[in-house]
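**Student:** what's the 3D shape of this:
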Amino acid sequence: MRLSSIPAAMRSHYDVVVVGSGYGGGVAASRLARAGKRVAVLERGREIQTGEFPSRFPDLRAQMQVRGAKVRIGPATGLFDVRFGEDIHVLVGCGVGGGSLINAGVALVPDARVFADPIWPKALSADPLLQEGYALARRWLRPARDPQAMQHTKLQVYARASAAVGTAPNPAEIVVSFEDTMSAGGIPQKACTRCGDCCGGCNVGAKNTVALTYLPDAVRHGAEIFSEVKVSSVRKDTDAWVIELDPDHVISTGHPASIRADMVILAAGTLGSTEILLRSRERGLAVSDRLGQRFSANGDIIAFGYGAKSPVNAIGVGYPAKTGIVVGAAVSGQIEIVDPDDLSRSMTIQEGAMPSALAPVLPVLFIPNGRLLGAVQSLINGVYKGPFAGLQTFFAVSHDSASGCLVLKDDRLDIQWPGAKEEPVYKRVDETLSAIVKEAGGSYVKNPLSGTMMGHQPATAHPLGGCGIGEDRAMGVVNHKSQVFDTRDADPTAVHEGLYVIDGAIMPRSLGVNPLLSITALAERALAHLCADHGLAHDAEPQPAR
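**Tutor:** Now for the predicted structure:
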């Protein structure tokens, strides 16, 4: 069953319009549809169902959109949305389900010191609903540890190499089902086949994406989802919010110029929600001067170890499997290095797997500047034996200064962070990863594409901030309930009634862990407050399929 409808079926007015369909948008759509509201979800990407994710490199390439000051490649609805910046690069997901479609699915709760930071409003950090939000997020996304994790070669190699840092890895909690079941959204799921393709899109249907949990629940309760519809800006009319749709993003016929709603929830992700508000401000919406500030890369590093002494088997095999190798999930285990005296020095390093659709081209990525011997050999013989069988992939998350800034430049979002690559976090993580890779007998490769158009800039798959939470408009863009501050009023805490931001954009700092669980938890909390403020029934428990 497809969740989305054709744009021609879109009504002119809804009680609630949710912009974006990731973790924040999914929670909002489910909760408000359950409360009896007429809800429309607008998603700029396509709907890709289980079994339709790229399994070959030509398919993956066709789903790649790359945007930068000097480059514009691929369809505007491509699943993998890559933003090249002068200072930092960003990868986000684009589709019905948002980033949940292509993330590794790691579900972690931040160190308690993150929320103890005074940058968070006390009304949030001390709110019991925050912990209830995490509990609800876990009930809906069902994080679990792979019972076979320690049997996977890539985690065994990692465990041996961890002697270099004196901390052994543990199996990671990931939002993947390891037995046949029914999702919290009432969708039948097959057990994980441990193919390693989580980050390319799960063709098994075992990963608990938003498209298998919150969104089908929302549709079951009457919400309507429209894919390939991009929002340009929002403005307040006399009696409603007007959501202006991007005329250059017309994919299907019957696309209206705008729709109206009593309430708008921006959940288009850190980049999307911030861009919409920036453009809305240019067109007259009174928003905090903090808009676009405190952009964080969450201390992210994606790096590689090449030439380990023993096979690693960290390249996905697809479904059905291309070979008899058992890889495991994209992340099976992680090392958590906790500095009790300095939170910024704590980090989590996860062993990872590259999706099978990238397998044919992986050697090409390592060839620039004659970087690695054996890459040409692997182009001929494949990556499941020979040099690339020993390829290690690492996903690291830590803490940065959140000093980036999102601005509009020629009416498109531009990421500015001079000196981003000098952030202390990158040196710390590099040193740790270098030691681990050396212990495995390999060579550390921070960025195999540094000799190409990617340059030497850092890259993140966990962008945060831009519409940060604050006590008032001098400190943030939204209040602790995710309501957007209104700068027309003398009261610094005044808000635009009916305008919310509920996604990773509201994080005022790095989290130091993969953010999916926190984004979902804060969304659950925000919806609990929203329903209470508007006298709406708040039903948040998963229900059996009907």
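
**Student:** mind showing which ranges of the stretch 51-200 of the chain have poor pLDDT?
**Tutor:** Counting by pLDDT under 70, the stretch 51-200 of the chain contains no low-confidence range.

**Student:** Mind jotting down where the strands sit in it?
**Tutor:** 64-67, 72-73, 80-83, 89-93, 144-145, 170-171, 173-174, 181-182, 188-189 (DSSP state E, counting those that start in this stretch).

**Student:** mind listing the helices for the stretch 351-500 of the chain?
**Tutor:** According to DSSP state H, counting those that start in this stretch, the stretch 351-500 of the chain carries its helices in the segments 362-365, 375-381, 424-439.

**Student:** Would you tell me which of the ones you listed gets closest to Asp300?
**Tutor:** Evaluated over those, closeness to Asp300 peaks at helix 424-439, with 9.0 Å, by Cβ to Cβ. (Glycine included, C-beta is placed from N, CA and C.)

**Student:** Would you mind listing the buried residues in the closest one?
**Tutor:** Val425, Tyr426, Arg428, Val429, Thr432, Leu433, Ser434, Ala435, Ile436, Val437, Glu439 (16 or more other Cβ atoms under 10 Å).

**Student:** Return the list of helices and strands in contact with that helix.
**Tutor:** Applying 3 or more Cβ pairs under 8 Å, 6 or more residues apart in numbering; DSSP states H and E, we find helix 424-439 packed against helix 153-161, strand 301-306, strand 347-352, strand 392-397, strand 443-445.

**Student:** can you list those in CSV and add mean neighbour count and distance to Lys385?
**Tutor:** As requested, the helices and strands packed on helix 424-439 are exported to CSV (neighbours: other Cβ atoms under 10 Å; distance: least, Cβ to Cβ, whole Å):
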stretch, mean neighbour count, distance to Lys385
helix 153-161, 22, 13
strand 301-306, 23, 15
strand 347-352, 25, 20
strand 392-397, 25, 16
strand 443-445, 18, 19
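
**Student:** returning to what we had before: with mean pLDDT added, can I get the helices of the stretch 351-500 of the chain in CSV?
**Tutor:** What follows is the helices of the stretch 351-500 of the chain, written out as CSV (pLDDT from 0 to 100):
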stretch, mean pLDDT
helix 362-365, 80
helix 375-381, 55
helix 424-439, 96
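
**Student:** To Ile174, which of those helices lies closest?
**Tutor:** Judging those by Cβ to Cβ, what sits closest to Ile174 is helix 424-439, at 20.6 Å.

**Student:** Distance from that closest one to the middle of the chain?
**Tutor:** Mean C-alpha position of helix 424-439 versus that of the full chain (Cα atoms, centre = their mean, to the nearest Å) differs by 24 Å.

**Student:** and if you look at stretch 179-198?
**Tutor:** 19 Å.

**Student:** Can you give me the end-to-end span of it?
**Tutor:** 16 Å (Cα to Cα, to the nearest Å).

**Student:** and of the helices and strands packed on helix 424-439, who's closest to Asp289?
**Tutor:** Across those (criterion: Cβ to Cβ), the nearest stretch is strand 392-397, sitting at 29.4 Å.

**Student:** Show me what the closest one packs onto, helices and strands only.
**Tutor:** By 3+ Cβ pairs under 8 Å, 6+ apart, strand 392-397 packs against helix 153-161, strand 301-306, strand 347-352, helix 424-439.

**Student:** I'd like the distance between Glu471 and His480.
**Tutor:** Computed as Cβ to Cβ, to the nearest Å, the Glu471 to His480 distance reads 8 Å.

**Student:** Which one of the helices of the stretch 351-500 of the chain lies nearest to Val287?
**Tutor:** helix 424-439 (29.8 Å).

**Student:** Tell me where the stretch 101-250 of the chain has helices.
**Tutor:** For the stretch 101-250 of the chain, the helices defined by DSSP H, counting those that start in this stretch cover 112-116, 122-125, 128-141, 153-161, 214-220.

**Student:** would you list the ones you listed in a markdown table and tack on distance to Ile301?
**Tutor:** What follows is the helices of the stretch 101-250 of the chain, written out as a markdown table (distance: least, Cβ to Cβ, whole Å):
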| stretch | distance to Ile301 |
| --- | --- |
| helix 112-116 | 19 |
| helix 122-125 | 28 |
| helix 128-141 | 25 |
| helix 153-161 | 16 |
| helix 214-220 | 30 |
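
**Student:** Give me the residue at the spatial middle of this protein.
**Tutor:** Gly99 (4.0 Å; Cα atoms, centre = their mean).

**Student:** That residue touches Ala267, doesn't it?
**Tutor:** No - using Cβ atoms under 8 Å, Gly99 makes no contact with Ala267, being 11.3 Å away.

**Student:** what residues do those two have in common as contacts?
**Tutor:** Common neighbours of Gly99 and Ala267, counting by Cβ atoms under 8 Å, 6 or more residues apart in numbering, are Gly22.

**Student:** show me the biggest strand of this structure in terms of residues.
**Tutor:** Ranked by residue count under DSSP state E, the longest strand found in the chain is strand 258-266.

**Student:** Show me what the following helix or strand past that strand is packed against.
**Tutor:** Downstream of strand 258-266, the next assigned helix or strand under DSSP states H and E is helix 269-282. Contacting helix 269-282 under the criterion 3+ Cβ pairs under 8 Å, 6+ apart are the following elements: strand 13-19, strand 89-93, strand 231-236, strand 258-266, strand 405-409, strand 412-416.

**Student:** In a markdown table: the helices and strands packed on strand 392-397, plus distance to Gly93.
**Tutor:** Output for the helices and strands packed on strand 392-397, formatted as a markdown table (distance: least, Cβ to Cβ, whole Å):
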| stretch | distance to Gly93 |
| --- | --- |
| helix 153-161 | 24 |
| strand 301-306 | 15 |
| strand 347-352 | 16 |
| helix 424-439 | 23 |
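
**Student:** pLDDT below threshold where in the stretch 301-450 of the chain?
**Tutor:** The stretch 301-450 of the chain contains residues with pLDDT under 70 at 367-381, 449-450.

**Student:** so Ser482 touches Ala528, yeah?
**Tutor:** No - with contact defined as Cβ under 8 Å, Ser482 does not count as touching Ala528 (11.2 Å).

**Student:** Same drill for the two, tell me which one is more crowded.
**Tutor:** Ranked by neighbour count (other Cβ atoms under 10 Å), Ser482 and Ala528 place Ser482 first, with 30 against 19.

**Student:** Now the closest residue to that one other than its chain neighbours: which helix or strand?
**Tutor:** Setting aside the residues directly before and after it, Ser482 is nearest to Ala526 in space (Cβ to Cβ, 6 or more residues apart in numbering), at 4.3 Å. According to DSSP H and E, Ala526 maps onto helix 516-533.

**Student:** Pull out the buried residues from that helix.
**Tutor:** Buried positions in helix 516-533, judged by neighbour count with 16+ other Cβ under 10 Å: 516-531.

**Student:** which residues are in contact with stretch 32-40?
**Tutor:** Defining contact as Cβ under 8 Å, 6+ apart, one finds that stretch 32-40 is touched by 10-11, 14-18, 29, 217-219, 221-226, 259, 261, 263, 527, 530-531, 536-540.

**Student:** I'd like to know which of the residues you listed are buried.
**Tutor:** Buried members of the contacts of stretch 32-40, counted by 16+ other Cβ under 10 Å: 10, 14, 16-18, 29, 217-219, 221, 223-226, 259, 261, 263, 527, 530-531, 536, 538, 540.

**Student:** I'd like to know which of the helices of the stretch 351-500 of the chain lies nearest to Ala137.
**Tutor:** The closest of these to Ala137 is helix 424-439. By Cβ to Cβ, the value is 26.0 Å.

**Student:** Give me the contacts around that closest one.
**Tutor:** Under Cβ under 8 Å, 6+ apart, the answer for helix 424-439 is 158, 160-165, 299, 301, 303, 305, 308, 337, 344-345, 347, 349, 392, 394, 396, 398-400, 443-444, 446, 458.
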